[in-house]
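Q: need a structure here:
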Amino acid sequence: MVKRQSQDPRHSGFRYRLAPGDRVRVTVFKVEGYGAETEVLSDGTINLPRIGSVNVWGMTLDEANNRITALYSAILRRPLVYIDLMAPRPVRVSLVGQVERPGFYTLSRDPSSSTLRASGPGLEGVGTVVNTSGWPTMVDALQRAGGITALGDLSNLVLVRRGNAPGEPSREYRFDYLSVLMGNGTAVNPLINDGDMIKVDKVEGVQSSEALIASAASNFAPDAISVNVVGEVVSPGVKQVKSNSPLTNAVLAAGGLDPQRAKASNIRLLRMEADGSILSRQVAFDPAAPLGSEANPPLRNGDVVVVYRNNWTRFNDTLSQAVAPLGPLLNAASLYNILTR
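A: Model prediction:
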């Protein structure tokens, strides 16, 4: 069950709860040999002198303090126990929907460089490294997933957060960052808690060119996308262009149309959809067409732009192919005419 919340998640009464990976320090006031600095093990326990394993998984610091105090009270008179969080565990978050690399991420801070990196098998050195200062935020997590796609709806980002205590329903918070980018509103950048999920829905309808430009220029979008431009352009191949760039930008990045061979009215955009189908759309090259229009659609990572030949070039190429097999015969006949003169 999920509750929809409209208020700021900072005011939800969330309390940090201990889990495996947290490092804590337990001390007993003016009593030597009873404290320890230890890490919460995979079974949710910590090992303390004299009392052994104590299960603290899912407890707040106050609740863990009360349990440890009760256990020490069996062997000490009125113990005064302190428990401090020395190093929080990495933040595990899932990102789904219209992000470049949806999936599960573990965000751990590198204190020496103040960066967020993914950790886990096979993730060392892979993907985007996010510069940060402090606890990771929702924007940090989106950047770590490569940013939103051209179809991502910045006006309706959803943060799903687990309940404050075991058994409580999850809560949903919605954010409109598009209005902020357009200068029409304000929004918070909430801190990410362990177990959060961020959903980026697909935008409904056609976005305005102003919205596409604002999204592409923001840090929500990936730095660049790869587009393969083939056919009758000056420099065909894979080109790096900015996110949400229009089709004309990719053609210009390839040096523009070949003026002798290209047919400006016959450019095809090929795109593989999430369901495996291939989208094929024919457009005409028009640099003046508005961004987001049918004649100048925004590009996505992995798109293929094919520039076809004009009719005259096609005729010449066909004629050259037809005549090519006769080349040796024509050369031999020319040589014979020269020798018999």
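
Q: would you confirm that T27 contacts P79?
A: No. With contact defined as Cβ atoms under 8 Å, T27 does not reach P79; the gap is 10.4 Å. Where C-beta positions appear, they are placed from N, C-alpha and C, glycine not excepted.

Q: pull up the overlap in contacts between those two.
A: Listed as contacting both T27 and P79 by Cβ atoms under 8 Å, 6 or more residues apart in numbering are Y34.

Q: return the list of helices and strands in contact with the helix or strand harbouring N316.
A: Element membership for N316, per DSSP states H and E: helix 311-323. Taking 3 or more Cβ pairs under 8 Å, 6 or more residues apart in numbering; DSSP states H and E as contact, there are no helices or strands that helix 311-323 lies on.

Q: give the buried residues for that helix.
A: Neighbour-count burial for helix 311-323 flags T313 (criterion: 16 or more other Cβ atoms under 10 Å).

Q: which parts of this protein are helices?
A: 61-72, 138-144, 177-181, 209-216, 247-253, 311-323, 327-339 (DSSP state H).

Q: and of those, who's closest to R92?
A: R92 lies closest to helix 138-144 among those, at 10.5 Å (Cβ to Cβ).

Q: for that closest one, what is the distance to the chain centroid?
A: Distance of helix 138-144 from its chain centroid, counting by Cα atoms, centre = their mean, to the nearest Å, is 7 Å.

Q: show me what it is packed against.
A: Partner elements for helix 138-144 (3+ Cβ pairs under 8 Å, 6+ apart): strand 91-97, strand 103-110, strand 115-118, strand 130-131, strand 197-202.

Q: average pLDDT across that helix?
A: Helix 138-144 carries an average pLDDT of 88.

Q: cool, and stretch 272-284?
A: On average, stretch 272-284 scores 84.

Q: any residues touching it, and which ones?
A: Outside stretch 272-284, the residues that reach it (Cβ under 8 Å, 6+ apart) are 247, 264-271, 294-297, 302.

Q: quick one, which of those are buried?
A: Among these, those classed as buried by 16+ other Cβ under 10 Å are 247, 266-267, 269, 271, 295-297.

Q: quick check: the residue lying closest to D153 once chain neighbours are set aside vs A274, distance?
A: In this structure, D153 finds its nearest non-sequential neighbour in V203, 4.1 Å apart by Cβ to Cβ, 6 or more residues apart in numbering. Distance, V203 to A274, using Cβ to Cβ, to the nearest Å: 14 Å.

Q: if you count what's nearby, which of the two comes out ahead?
A: Shown here are V203 and A274; by other Cβ atoms under 10 Å, V203 has more neighbours (21 against 8).

Q: which phi and psi does the more buried one have?
A: phi -70, psi 140 (degrees, to the nearest 10).

Q: which ones are touching the nearest residue to N301 once chain neighbours are set aside?
A: The shortest distance from N301 to any non-neighbouring residue, by Cβ to Cβ, 6+ apart, is to I225 (4.0 Å). The contact partners of I225, by Cβ under 8 Å, 6+ apart, come to 240-243, 245, 299-303.

Q: report the lowest-confidence entry in these.
A: On pLDDT alone, S243 ranks lowest of the contacts of I225, at 76.

Q: just checking, it touches F220?
A: No. Between S243 and F220 there is no contact under Cβ under 8 Å: 9.0 Å.

Q: any shared contact partners between the two?
A: Common neighbours of S243 and F220 (Cβ under 8 Å, 6+ apart) are G147.

Q: those two: who's more crowded?
A: S243 (25 against 22).

Q: against A217, how distant is the residue nearest the centre of the chain?
A: Taking Cα atoms, centre = their mean, the centroid of the chain lies closest to A145, which sits 2.4 Å from it. Distance, A145 to A217, using Cβ to Cβ: 19 Å.

Q: any low-confidence regions in this structure?
A: 1-14, 109-133, 164-167, 206-207, 209, 323-341 (pLDDT under 70).

Q: so what are the domain limits for it?
A: With domains defined by automatic domain parsing, the chain comprises 17-87, 91-216, 225-309.

Q: now for those domains, which one comes closest to N316?
A: domain 225-309 (9.0 Å).

Q: find the residue closest to N310 in space, skipping its chain neighbours.
A: Nearest to N310 is K263, by Cβ to Cβ, 6+ apart, at 4.0 Å.

Q: thought that neighbour was touching V306?
A: No. Between K263 and V306 there is no contact under Cβ under 8 Å: 11.0 Å.

Q: about what we covered before: how about JSON lines for the contacts of stretch 272-284, with distance to A187 added?
A: As requested, the contacts of stretch 272-284 are exported to JSON lines (distance: Cβ to Cβ, whole Å):
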{"residue": "L247", "distance to A187": "31"}
{"residue": "A264", "distance to A187": "42"}
{"residue": "S265", "distance to A187": "43"}
{"residue": "N266", "distance to A187": "44"}
{"residue": "I267", "distance to A187": "38"}
{"residue": "R268", "distance to A187": "39"}
{"residue": "L269", "distance to A187": "33"}
{"residue": "L270", "distance to A187": "36"}
{"residue": "R271", "distance to A187": "31"}
{"residue": "E294", "distance to A187": "32"}
{"residue": "A295", "distance to A187": "33"}
{"residue": "N296", "distance to A187": "30"}
{"residue": "P297", "distance to A187": "28"}
{"residue": "G302", "distance to A187": "30"}
